[in-house]
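Undergrad: this one's structure only:
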Ligand SMILES: O=C(O)CCC(=O)C(=O)O
Ligand SMILES: [Fe+2]
């Protein structure tokens, strides 16, 4: 681990119950029951209160690219602090390098088409999103509920699909070990077919946030 905005496969592997995706192309892990049902419920409640339409960096002409809703979670709220504590115990990333935790909510028919969480260096909005805190390093996301049908997160390059299950964490390095951006992190939050889907996303940056 060279940067306080990063974690390492070695560190994550030490956590009880965590599993690494057996692929040389990506550093990706998942852990069931990372969040308690109680914490998930509190976070879903916060998302329901504050949600707004999601946006994307570098609009690409597809108005249906990301149809879900988003919210920035109040960092002072007990549930958010508990979540941050769990993440820090796992990844050891300096909290100063974290973006505020976001919640995402998808109704039936809503999705977030295939994208990477890193910002395209050639994109028109790269300066706007990265000039202060730098590029995104790691993504940590957790499913807050088990979705009745649909809503899986599909990583088509590494052929791995996660079905949303309450409390499950999924995390990955947006870079390769040599520091280059990793296009194998491409993922699609597929349409929810039945029920509502709630997740939290926590992104970390190369430099301190804000
Ligand atoms: O909802 C998901 O399954 C993934 C969410 C996601 O990829 C994102 O918010 O960047
Ligand atoms: Fe994403």
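TA: Everything's here; your move. Everything numeric in this text was worked out from a predicted model, so none of it was measured. Ligands and ions are numbered 1, 2, ... in the order given.
Undergrad: quick one: pLDDT of the residue in the chain sticking out farthest from the centre?
TA: Taking C-alpha atoms, centre = their mean, the residue of the chain most remote from its mean C-alpha position is residue 61, at 23.6 Å. Predicted confidence (pLDDT) at residue 61: the value is 89.
Undergrad: Over to residue 55?
TA: In the predicted model, residue 55 carries a pLDDT score of 86.
Undergrad: Tell me where this protein has strands.
TA: With DSSP state E, the ranges of strands along the chain come out as 18-20, 28-31, 52-53, 69-72, 102-106, 112-115, 136-143, 149-150, 153-155, 160-162, 169-173, 187-189, 192-194, 197-205.
Undergrad: Turn the ones you listed into TSV, columns for distance to ligand 1.
TA: Bear in mind the C-beta positions are built from the backbone N, C-alpha and C, glycine included. Converted to TSV, the strands of the chain look like this (distance: least, C-beta to the nearest ligand atom, whole Å):
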stretch	distance to ligand 1
strand 18-20	18
strand 28-31	12
strand 52-53	13
strand 69-72	8
strand 102-106	5
strand 112-115	5
strand 136-143	6
strand 149-150	11
strand 153-155	4
strand 160-162	7
strand 169-173	8
strand 187-189	3
strand 192-194	9
strand 197-205	5
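Undergrad: right, so of the ones you listed, which gets closest to residue 93?
TA: Shortest distance between residue 93 and the strands of the chain, using C-beta to C-beta, is found for strand 197-205: 5.1 Å.
Undergrad: From the contact counts, what lies against the closest one?
TA: Helices and strands touching strand 197-205, as assessed by 3 or more C-beta pairs under 8 Å, 6 or more residues apart in numbering; DSSP states H and E, comprise helix 37-50, helix 78-91, strand 102-106, strand 136-143.
Undergrad: For this protein, which residues are neighbours of ligand 1?
TA: 104, 112, 117, 141, 153, 187, 189, 199, 201 (C-beta under 6 Å from any ligand atom).
Undergrad: residues contacting the closest residue in space to the first one that isn't next to it in sequence?
TA: Sequence neighbours aside, residue 199 is the residue nearest to residue 104 in space, at 5.0 Å (criterion: C-beta to C-beta, 6 or more residues apart in numbering). By C-beta atoms under 8 Å, 6 or more residues apart in numbering, the contact list for residue 199 reads 103, 104, 141, 142, 143, 144, 164, 189.
Undergrad: Mind putting those residues into JSON lines with pLDDT and neighbour count?
TA: Rendered in JSON lines, the data for the contacts of residue 199 read as follows (pLDDT from 0 to 100; neighbours: other C-beta atoms under 10 Å):
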{"residue": "103", "pLDDT": "96", "neighbour count": "23"}
{"residue": "104", "pLDDT": "95", "neighbour count": "22"}
{"residue": "141", "pLDDT": "98", "neighbour count": "21"}
{"residue": "142", "pLDDT": "98", "neighbour count": "28"}
{"residue": "143", "pLDDT": "98", "neighbour count": "25"}
{"residue": "144", "pLDDT": "98", "neighbour count": "25"}
{"residue": "164", "pLDDT": "98", "neighbour count": "24"}
{"residue": "189", "pLDDT": "98", "neighbour count": "25"}
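Undergrad: rank the strands of the chain by mean pLDDT and give me the bottom one.
TA: Mean pLDDT is lowest for strand 52-53 out of those, coming in at a mean of 86.
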